[in-house]
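> pasting a predicted model and its sequence here:
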Amino acid sequence: MAKRLGRPASSGLAIHAPTGGPPAPCHHLQVVIKTLKDLVDRVLSPAPDAAPQNVEHLLQLATAVMLVEVMRADASFHPDERRAVLAALRDKFDLADDEAQRLADLAEATARDATDLFAFTSRINARFEMPQKLRMVEHMWRVAYADGHLSEHERHLLWRIADLLHVPKGAYVHARMRAQAAATTKDDPTGATDADTAAPG
């Protein structure tokens, strides 16, 4: 069964279109909405004869949406989280800075319009081997730790995504501990960290 994207109650994001007849959007906005809807539809229901390059682009988008969802899990935004998302996209897909930025922007727009995690994780499952998925989960943990605080919502979202990616619990915990150690080392260059003895959760 498809699962809905989780967001903090304070985010105020509406999933369903409001009733009551809002003013008609301008032509440019209509084009943007149609383009985004077409893109989401291609992620959810890719054509069987899609070109390899298009398949790769949609895989990049699905991965970026998962990273962005972790960034959006907090009610407050921290710039270090966005930097962590961009770093993950550069590392995962060997993208230039401007390419990673465009992909992150597109992923944010897609995530705001989406209500389903499974549509994205199923594409990732179809294309990534377990080592690639583990690296992705570690990057998501790095995004979560980037602001120096791990919320319960972030923790729950990471668990849900890892479950949909069929990541074993032990590997999931180790990915978290590696990300936690990296975040602690960044904050304390002397290397003083208790990440290796921290209780997984």
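The structure has been received and is ready for your questions.
> pull out the buried positions in stretch 155-164.
Applying a neighbour-count criterion of 16 or more other C-beta atoms under 10 Å, the buried positions in stretch 155-164 are 157, 158, 160, 161, 162, 164. Every residue, glycine included, has its C-beta placed from N, CA and C.
> the helices in the chain, which residues?
For the chain, the helices defined by DSSP state H cover 27-44, 52-72, 79-93, 97-113, 118-127, 130-145, 152-164, 169-187.
> now these as TSV including mean pLDDT?
Conversion of the helices of the chain to TSV gives the following (pLDDT from 0 to 100):
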stretch	mean pLDDT
helix 27-44	44
helix 52-72	88
helix 79-93	94
helix 97-113	93
helix 118-127	92
helix 130-145	95
helix 152-164	94
helix 169-187	89
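> can I get the buried residues of stretch 155-164 in TSV with distance to residue 177?
Converted to TSV, those look like this (distance: C-beta to C-beta, whole Å):
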residue	distance to residue 177
157	18
158	13
160	19
161	17
162	14
164	21
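> residue 78 - nearest residue in space that isn't next to it in sequence?
Closest residue to residue 78 apart from its sequence neighbours, by C-beta to C-beta, 6 or more residues apart in numbering: residue 147 at 3.6 Å.
> the one you found contacts residue 83, correct?
No: under the criterion of C-beta atoms under 8 Å, residue 147 is not in contact with residue 83, lying 10.4 Å apart.
> those two: who's more crowded?
Neighbour comparison, residue 147 and residue 83: the larger count goes to residue 147, with 19 against 12 (by other C-beta atoms under 10 Å).
> can you give me the distance of that one to residue 137?
The gap separating residue 147 from residue 137 is 18 Å, by C-beta to C-beta, to the nearest Å.
> check residue 70 too.
Here residue 70 is placed at a distance of 10 Å from residue 137 (C-beta to C-beta).
> now residue 183
Computed as C-beta to C-beta, the residue 183 to residue 137 distance reads 15 Å.
> hmm, back to that, and for residue 70 and residue 137, which residues touch both?
Overlap between the contact sets of residue 70 and residue 137, as judged by C-beta atoms under 8 Å, 6 or more residues apart in numbering, is given by residue 158.
> for the residue nearest to residue 78, what are phi and psi?
The main-chain torsion angles of residue 147 are listed as degrees, to the nearest 10 and equal phi -90, psi 10.
> thanks a lot, catch you later.
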